[in-house]
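Visitor: No letters, just coordinates:
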């Protein structure tokens, strides 16, 4: 997606530890006009699939999932990262290991909002080790629903998540794949 | 907003401790068609104001702020609740006391995304004690920006946040105000 490449090159920066910062449009400030273009692109990429629900993970997946959902005319469900007072006791849960934070956390979705008739598209902002995606897939599986695909805004191609999911036959589409950060410069696949 | 009252009566439930659960459309599953109607209503309510940016707080404000932003043609900034690796060192910060969790937490916005030329509309899902709103107003103030108003989906009129903000002259508009939960039944103002 050329618009996204342009935004990454113009607005992104590569920080210590190969962290790509896209705070100006995706992770802290949200460029809603851009998210609409990304949403349209996800619709184009998954046009052949029957989608009944979009599943994402709080926090940074919520905006892109919500905007994209408008092009699919479906609701969004976001998995929650911690137990909160307001969450149903009846939840599907999975454990996710965060390499960034060096610890495992639990994600939960109420059983009310995933069921066996659902055809689910996972949407998230980043894909690196695919730990979050695997957790969401586990929840979809526990709910007896069907995974139709995974749409990612930025895939870090130099980490193994993308390969791992594709080898499992997952219908994974990323708007851009970054192959490396050479001397702080982003190299796209 | 009649559509919202209908959704609260049909889909909401009142849990122990006067907690209103609207998980089916606002806090866990997101009814994007409804959020669009709410977004249009915010635009109508704040049509007389020049808005350059919408400010909200992770997590549950992000979806409604993002959908509403489409009607204002402005970006969204969401304040973050904890320090993360990816956040700028240069941030405006404020402390927020959570009555639900019984503790104070810090909220942060990068200085890059709030400046003195900004005319800001705060959008959030709930208003109760207004602690989050006051924290966001503190950040707007620190950034030298102008607060144009606060748009709330559901105001709990039996808690003092709404009164407190209106007495300060804040241009506060709530899509519905709930006056009480009598025997588990929602009573609107």
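Guide: Done, it's in. Just so it is clear, the structure is predicted and the values come from calculations on it, not from any experiment. Numbers count the residues shown, from 1 in each chain, chains lettered A, B, ... in the order given.
Visitor: so what strands line up beside the helix or strand hosting residue A:178?
Guide: Using DSSP states H and E, residue A:178 maps to strand A:172-182. Strand A:172-182 has its sheet partners listed here by DSSP bridges as strand A:146-156 (parallel), strand A:185-188 (antiparallel).
Visitor: what about the first one, distance to the chain center?
Guide: Average the C-alpha atoms of strand A:146-156, do the same for its chain, and the two points are 6 Å apart (Cα atoms, centre = their mean, to the nearest Å).
Visitor: Which elements pack onto the helix or strand just after it?
Guide: Note on strand A:146-156: by DSSP H and E, the next helix or strand toward the C-terminus is helix A:161-167. Packing partners of helix A:161-167 (3 or more Cβ pairs under 8 Å, 6 or more residues apart in numbering or on different chains; DSSP states H and E): strand A:119-127, helix A:131-142, strand A:146-156, strand A:172-182. C-beta coordinates here come from the backbone N, C-alpha and C atoms, glycine included.
Visitor: Mind putting those into JSON lines with mean neighbour count?
Guide: Listed next are the helices and strands packed on helix A:161-167 as JSON lines, based on neighbours: other Cβ atoms under 10 Å in any protein chain shown:
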{"stretch": "strand A:119-127", "mean neighbour count": "24"}
{"stretch": "helix A:131-142", "mean neighbour count": "21"}
{"stretch": "strand A:146-156", "mean neighbour count": "23"}
{"stretch": "strand A:172-182", "mean neighbour count": "17"}
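Visitor: among these, which is nearest residue B:33?
Guide: Nearest to residue B:33, of all the helices and strands packed on helix A:161-167, is strand A:119-127, at 17.1 Å by Cβ to Cβ.
Visitor: Also compute the angle for that closest one relative to strand A:172-182, please.
Guide: 10 degrees (axes from the mean of the first three to the mean of the last three Cα atoms, to 10 degrees).
Visitor: Does chain B have contacts with strand A:119-127?
Guide: No. Counting by Cβ under 8 Å from any Cβ of the partner chain, chain B has no neighbours in strand A:119-127; the shortest distance is 10.4 Å.
Visitor: Give the rounded mean pLDDT of the longest helix anywhere in chain A.
Guide: The longest helix of chain A (DSSP state H) is helix A:32-45. Throughout helix A:32-45, pLDDT has a mean value of 98.
Visitor: Indicate whether it makes contact with chain B.
Guide: Yes. Contact of helix A:32-45 with chain B (Cβ under 8 Å from any Cβ) involves A:32, A:33, A:35, A:36.
Visitor: One more: stretch A:96-103?
Guide: Yes. Applying Cβ under 8 Å from any Cβ, one finds stretch A:96-103 touching chain B at residue A:100.
Visitor: Give me the contacts around that stretch.
Guide: With Cβ atoms under 8 Å, 6 or more residues apart in numbering or on different chains as the test, stretch A:96-103 has contacts from A:104, A:105, A:106, A:107, A:128, A:129, A:131, A:132, A:134, A:135, B:85.
Visitor: which among the residues you listed gets closest to residue A:93?
Guide: Distances from residue A:93 to the contacts of stretch A:96-103, taken by Cβ to Cβ, are shortest for residue A:106, at 5.7 Å.
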